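> The following comprises the amino acid sequence and a computationally predicted model.
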Amino acid sequence: LRYYERKGLIHALESDGVACAWGEECDVQGLLRGTSNAYYVGGGTGLAEAFKLGGEILGLDALKSTVAKAWQMEARPGVGYEELLSMRAMNERFAARAELPLPLSIDDQPERRAADGDEHALAVFEEAADALATLCFERIRAVHEGRKPTARGKHPRPGTMLERIVRGQPPLSPAIARRL
């Protein structure tokens, strides 16, 4: 890494959320293209988040006085958003409910099992869908009101309305979407 820094090839390291948002901004079919104000959220082992505000891609560190990171927020008492929305956590919750060992086999992944109607997998996705809706509402509210739910910091752009929310995970299969 230092070699690349000395050569001037690396100017800054960004969060995964900012990197993903730039992908959505720069790709010909990117979902942030043409928007001024949007929110990006994606999941894997954790949650990746970023905003596009006033046409500028911003990580949550740039908005820390206004917007808490999802992993810092509780979806319900004692349970964080990341515990409900990241793919890692969804796999863990499904495995616990279905009494399956981790790591899950390809055939036992919750998205496959939910498509087959597995009640444990469907419950995990229903919880995730509720948490995602609540998190997105909190993001809309925080940006518009200019504060995070538990703080009094002013947002640099009070009154901002988000034009789009981009979910960076692959879309749910039609079979799962119909069941939810």
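Thanks, I have it.

> what about the lengthiest helix in the chain, distance to the chain center?
With residue count as the measure and DSSP state H as the assignment, the chain has helix 119-145 as its longest helix. Between the mean C-alpha location of helix 119-145 and the chain-wide mean there is a distance of 10 Å, by Cα atoms, centre = their mean, to the nearest Å.

> Please name the nearest non-neighbouring residue to the residue nearest the centre of the chain.
The C-alpha lying nearest the average C-alpha coordinate of the chain belongs to Val41 (Cα atoms, centre = their mean; 2.8 Å). Nearest in space to Val41, with sequence neighbours left out and distances taken as Cβ to Cβ, 6 or more residues apart in numbering, is Glu49 at 5.2 Å. (Each C-beta comes from the backbone N, C-alpha and C, glycine too.)

> measure that neighbour to Tyr40 for me?
7 Å (Cβ to Cβ, to the nearest Å).

> Now for those two: what residues contact both?
Gly17 (Cβ atoms under 8 Å, 6 or more residues apart in numbering).

> Gly42 is in what secondary structure piece?
For Gly42, the enclosing helix or strand under DSSP states H and E is strand 38-43.

> That strand pairs with which strands, and in what direction?
Strand 38-43 has the following strand partners under DSSP bridges: strand 47-53 (antiparallel), strand 164-167 (parallel).

> Cys26 is nearest to which of those strands?
Comparing the strands paired with strand 38-43 against Cys26 with Cβ to Cβ, the closest turns out to be strand 47-53 (12.0 Å).

> quick one: that closest one to chain centroid distance?
What separates the centre of strand 47-53 from the centre of its chain is 8 Å, taken as Cα atoms, centre = their mean.

> now what about it, what contacts it?
Contacts made with strand 47-53 from outside it, assessed by Cβ under 8 Å, 6+ apart, are listed as 15-21, 25, 32, 35-42, 57-60, 63, 67, 69-71, 81-82, 85-86, 139, 143, 156-157, 160, 168.

> tell me the mean pLDDT for it?
Averaged across strand 47-53, pLDDT comes to 92.

> Buried ones in that strand, by neighbour count?
Across strand 47-53, burial judged by 16 or more other Cβ atoms under 10 Å covers Leu47, Ala48, Glu49, Ala50, Phe51, Lys52, Leu53.
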